[in-house]
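Engineer: Turn this into a model:
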Amino acid sequence: QVQLQESGPDLVKPSQTLSLTCTVSGASITTTYYHWNWIRQSPGKGLEWIGHITYSGNTYYNPSLKGRTAISIDTSKNQFTLQLSSVTPEDTAVYYCAGSFGTLMVFTSLGEYDYCGQGTQVTVSS
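Structural biologist: Model prediction:
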């Protein structure tokens, strides 16, 4: 059974870089056709896809985040990470990591992903 768990700070100051890690268990992160996503949901807003990284290391990002995003894989720890730079209070949200198999589709609900972490609240405030 594949399980995902997010970890990282719950408070980040404006202009700093938000860094989150997703630990994957039950499957190798480089297994062919697995793709790994970061998604967030903020109060009063819908689900926002941040980006994803494929099993082969290719990355795709939401252009609305204007180049502030970087996703990478650490194969030695079976983890993938999110870095979001120059954060503002508008980046306050619950951040989720999610996995999908065989598709790069961006879904509109977390339940459509094959695997999903429980989410972690990140607040951007001074």
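
Engineer: Enumerate every residue touching the residue nearest the centre of the chain.
Structural biologist: The structure's the chain has its C-alpha centroid closest to residue 38; by Cα atoms, centre = their mean the separation is 2.0 Å. Contacts of residue 38 were listed using Cβ atoms under 8 Å, 6 or more residues apart in numbering, and they are 20, 22, 49-52, 71, 82, 95-98. C-beta: built from backbone N, CA, C; applies to glycine.

Engineer: Can you tell me the SS state at it?
Structural biologist: Under the three-state scheme (DSSP: H, G, I helix; E, B strand; the rest coil), the conformation of residue 38 reads as strand.

Engineer: any idea which element residue 67 lies in?
Structural biologist: With elements delineated by DSSP states H and E, residue 67 resides in a region that no helix or strand encompasses.

Engineer: Please name the bridge partners of the closest residue to it other than its chain neighbours.
Structural biologist: Closest residue to residue 67 in three dimensions, ignoring its sequence neighbours and counting by Cβ to Cβ, 6 or more residues apart in numbering: residue 61, at 7.8 Å. With DSSP bridges as the criterion, the beta-bridge partners of residue 61 are residue 51.

Engineer: Residue 61 - how many residues pack around it?
Structural biologist: 18 (other Cβ atoms under 10 Å).
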